[in-house]
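Q: Let's see this in three dimensions:
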Amino acid sequence: MQFTRDQSGVVEVDGENYEWELRRQPQPKGGGAWDGMAVSLRHQDYKREAIVQFPMPLRANGRPDVEKQRVNVDAVRNAVTAAIEAGWNPASRGKPVVFDVDADGR
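A: Predicted coordinates:
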C-alpha cells in the first residue's frame, strides 16, 4: 500500500490519467455517527467529477480514529475502477456522482 499526505495527485488506470483531490477528512455527523474521508476523481481531459466516500477508520478498540488520515493511493486507483464499473462516465456532462466504497476502494 502506498500512502501519501498530499492533498491531490494523479493515478493511472488502464492507461488513462485521473486526477484526485481530497475533499474532506473524517468528520462527525451527529448522534455518534461519523463520515469517512471523501476524495473527488476527475479524468485529466474531462470535467465530470466522481466523489468517492470511504468508511470511517476504526481503532483496535472499535472507536473512530479521529486523527488526520493519509490517502491510500492504491485505494484511490481501485475507487476509479469501481466508479467506472458502477456507471460513472467521466466524458459525460452533469453533476458530480457520489459513490460509497470500502476501505480498499471497491
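Q: how about the strands of the protein, start to end?
A: Using DSSP state E, the strands of the chain run over residues 3-4, 8-13, 16-24, 27-30, 33-35, 38-43, 49-53, 71-72, 97-100.
Q: for the first one, packing partners?
A: Contacts of strand 3-4 with other secondary structure elements, assessed using 3 or more CB pairs under 8 Å, 6 or more residues apart in numbering; DSSP states H and E, are made with strand 71-72. C-beta coordinates here come from the backbone N, C-alpha and C atoms, glycine included.
Q: what's the spacing between the strand it packs on and its chain's center?
A: Offset of strand 71-72 from its chain centre (CA atoms, centre = their mean, to the nearest Å): 9 Å.
Q: just to revisit the earlier point, can you redo the strands of the chain as a markdown table with mean pLDDT and distance to Ala79?
A: Shown next, in a markdown table, are these (pLDDT from 0 to 100; distance: least, CB to CB, whole Å):
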| stretch | mean pLDDT | distance to Ala79 |
| --- | --- | --- |
| strand 3-4 | 90 | 15 |
| strand 8-13 | 97 | 9 |
| strand 16-24 | 97 | 8 |
| strand 27-30 | 88 | 19 |
| strand 33-35 | 89 | 16 |
| strand 38-43 | 97 | 7 |
| strand 49-53 | 97 | 4 |
| strand 71-72 | 94 | 10 |
| strand 97-100 | 96 | 7 |
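Q: which residues touch the residue of the chain most remote from its centre?
A: Largest separation from the mean C-alpha position in the chain: Asn61, at 24.8 Å (CA atoms, centre = their mean). If you count contacts by CB atoms under 8 Å, 6 or more residues apart in numbering, Asn61 has none.
Q: So it versus Asp6, what's the distance?
A: Distance of Asn61 to Asp6, given as CB to CB, to the nearest Å: 29 Å.
Q: just to revisit the earlier point, nearest to Ala91, out of the strands of the chain?
A: Using CB to CB as the measure, strand 38-43 is the one of the strands of the chain that comes nearest Ala91, at 7.1 Å.
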